[in-house]
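S.K.: Sequence and predicted structure are below.
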Amino acid sequence: MTAPHTSRAARVLKDPSKLSFDYVPEKLVHREKQMDRLWMMFRPVLESGVSQTAFLIGNVGTGKTATSKRFCLDLVKEGTNMGKAMDFIVVNCRQRNTESSVLLRLVTHFDERFPDRGFSTAEMLRTLHKHLDRLKVHLVVVLDEADVLLRKGVGDLIYLLSRFDEEKVGGKASMSLILISQKYLLDMLDPASMSTFRRANAIIFDKYTAEELKDIVASRVYLAFYPGTVPQSTIELIADASGELGDARFAIEILEKAGMLAEEEGSQQVTPENVRTAKALTYNVVTSSKIEVLDVQKKLVLLAVARASREQAYVTTREVETAYKIAAEEYGERARGHTQFWAYLQQLANEGLVETKVTGDPSGGRTTYISVPDMPVKVLRELLEGMLGER
């Protein structure tokens, strides 16, 4: 008879929901300036009842959608404190890329039973007007990935929403618009729509730096993991592994996968090896074909890095050079001098097979630390040992 399955208590993950793409933190790390700009633009909406438009522009994973959601949540809360009814709707234009599907999303926010067909654009706009007038609410519409609409020739909808209150005589405006895009949208708008928007209302979201990603990962570790289960070296490795893309979503995805791997192993901590495996599962730039074309000496240096990194996220040049000399002797090769060894290491870094970073030490000197960003070192070590053994 099979023993009944019992669920094992989590060892490292305290609250995995805090790693979801849908989770919006109370405070967005390193997006304070963008939040301040939005507040500066939208303060008159609360105080004077006017409408407003804004553009959020930046690459994937730079915090545009999360910032818009956090801002809108805070705006609704501030409106409640001031006695001003506010609401917001986020529409993903990649999923809803026609006029009717976007408007249906807006109308069904107020009436879930509204039919999904049989109504024209003008009729749905009139229905939306009636809901907002009845509720006396100011609605902020966030069109995420709005460039998809423009590429599909649905730019008229942006014009109609931006002029939503144009025919209203007196009274307060009832709609504002935030457009989110990876591209600079203003140049994609037609002249009629362009007249509604101000170029000064574009807010740029730059890629995150590795240091910023480190802070973002650390903040999610605090929320999602038990204390002491994610060492600082693991956080730094995740930040470095995602630093080239500058993508916070990618960093958080690596953190989530690494945490799940640690749970599966029954480990008490999320290790550097968990991070390397997680990144390999998510986005692996290290392939066996890249390694196969390396000459013997570079393979030996890469093997040395893999062996030295077995139990740690970062290793020093000295540790790798020591491991390199041992590996060269093991495979019957003459180890090259320090200058040539260093050149090999730099070439491996240029190929993206290892990463190097230089830090100062208390004595005033500088130490180079080396890490394997993309592949579990166990897999890399076995791959290289197999290649070198077949010669």
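M.R.: Now that the structure is in, tell me what you want to look at.
S.K.: Any idea how many residues pack against the residue nearest to residue 345 when sequence neighbours are not counted?
M.R.: Distances taken as CB to CB, 6 or more residues apart in numbering place residue 301 nearest to residue 345, at 6.0 Å, with adjacent residues excluded. C-beta: built from backbone N, CA, C; applies to glycine. Number of residues near residue 301 (other CB atoms under 10 Å) recorded here: 31.
S.K.: if I pick residue 301, what's in contact with it?
M.R.: By CB atoms under 8 Å, 6 or more residues apart in numbering, the residues touching residue 301 are 320, 324, 341, 344-345, 348.
S.K.: export these to TSV and tack on pLDDT, distance to residue 182 and secondary structure?
M.R.: Formatted as TSV, these follow (pLDDT from 0 to 100; distance: CB to CB, whole Å; DSSP: H, G, I helix; E, B strand; the rest coil):
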residue	pLDDT	distance to residue 182	secondary structure
320	96	39	helix
324	96	43	helix
341	95	42	helix
344	95	38	helix
345	94	35	helix
348	92	32	helix
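S.K.: which one of those is nearest residue 248?
M.R.: residue 348 (27.5 Å; CB to CB).
S.K.: what are the ranges of the strands in the stretch 151-300 of the chain?
M.R.: Here the stretch 151-300 of the chain has its strands, by DSSP state E, counting those that start in this stretch, at 175-181, 202-205.
S.K.: Comparing the ones you listed, which comes out most buried?
M.R.: Compared across the strands of the stretch 151-300 of the chain, strand 175-181 shows the largest average neighbour count, a mean of 25 (mean count of other CB atoms under 10 Å).
S.K.: tell me what that one is packed against?
M.R.: Packed against strand 175-181 by the contact rule (3 or more CB pairs under 8 Å, 6 or more residues apart in numbering; DSSP states H and E) you find strand 53-58, helix 64-82, strand 138-144, helix 155-162.
S.K.: Show me the shaky parts of this structure.
M.R.: Within the chain, the stretches with pLDDT under 70 are 1-9, 167-171, 192-196, 198-199, 283-289, 361-364, 391.
S.K.: Nearest to the middle of it, which residue? Look it up for me.
M.R.: The structure's the chain has its C-alpha centroid closest to residue 249; by CA atoms, centre = their mean the separation is 2.1 Å.
S.K.: residues touching that one, list them.
M.R.: By CB under 8 Å, 6+ apart, the neighbours of residue 249 are 21, 60-61.
S.K.: now do 6 Å
M.R.: Residues in contact with residue 249 (CB atoms under 6 Å, 6 or more residues apart in numbering) are residue 61.
S.K.: Next: residue 273.
M.R.: With CB under 6 Å, 6+ apart, residue 273 has these contacts: residue 376.
S.K.: how close does it sit to residue 41?
M.R.: 46 Å (CB to CB, to the nearest Å).
S.K.: how does the chain divide into domains?
M.R.: 31-205, 208-282, 288-389 (automatic domain parsing).
S.K.: starting at the chain centroid, how far to the longest one?
M.R.: Here the centre of domain 31-205 is set off from its chain's centre by 23 Å, with CA atoms, centre = their mean, to the nearest Å.
S.K.: Ends of that domain, what's the gap?
M.R.: Using CA to CA, to the nearest Å, one end of domain 31-205 lies 8 Å from the other.
S.K.: Backbone dihedrals for the residue lying closest to residue 179 once chain neighbours are set aside, both of them.
M.R.: Of all residues not flanking residue 179 in the chain, residue 146 sits nearest, at 4.2 Å (CB to CB, 6+ apart). Main-chain torsions, residue 146, degrees, to the nearest 10: phi -60, psi -20.
S.K.: Contact partners for residue 321?
M.R.: residue 341.
S.K.: Could you look up the SS state of it?
M.R.: Secondary structure, DSSP: H, G, I helix; E, B strand; the rest coil: residue 321 is helix.
S.K.: quick one: residue 107 and residue 127 touch, right?
M.R.: Yes: at 5.4 Å, residue 107 and residue 127 qualify as touching, with contact defined as CB atoms under 6 Å.
S.K.: More neighbours: which of the two?
M.R.: residue 107 (21 against 17).
S.K.: Redo the strands of the stretch 151-300 of the chain as TSV? Include distance to residue 90.
M.R.: Converted to TSV, the strands of the stretch 151-300 of the chain look like this (distance: least, CB to CB, whole Å):
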stretch	distance to residue 90
strand 175-181	9
strand 202-205	16
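S.K.: Which among these is found nearest to residue 100?
M.R.: The nearest among these, by CB to CB, is strand 175-181 at 18.1 Å.
S.K.: how about that closest one as CSV, C-alpha atoms only?
M.R.: Provided in CSV are the C-alpha atoms of strand 175-181 (Å, rounded to 0.1, in the frame of the first residue of the first chain):
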residue,chain,number,x,y,z
MET,A,175,-11.3,60.9,-18.3
SER,A,176,-7.5,61.0,-18.4
LEU,A,177,-5.2,58.8,-20.5
ILE,A,178,-1.8,57.1,-19.9
LEU,A,179,-0.1,55.5,-22.9
ILE,A,180,2.7,52.9,-22.3
SER,A,181,5.1,51.8,-25.1
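S.K.: Residues touching it, excluding its own?
M.R.: By CB under 6 Å, 6+ apart, strand 175-181 touches 45, 51-57, 64, 68, 139-144, 146-147, 161-162, 164, 185.
S.K.: Can you select the buried ones among these for me in PyMOL?
M.R.: The PyMOL command for the buried members of those (criterion: 16 or more other CB atoms under 10 Å) is given here:
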select buried, resi 45+51+52+53+54+55+56+57+64+68+139+140+141+142+143+144+146+147+161+162+164+185
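S.K.: circling back: can you lay out the helices and strands packed on strand 175-181 as TSV showing distance to residue 234?
M.R.: Below are the helices and strands packed on strand 175-181 laid out as TSV (distance: least, CB to CB, whole Å):
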stretch	distance to residue 234
strand 53-58	27
helix 64-82	23
strand 138-144	32
helix 155-162	44
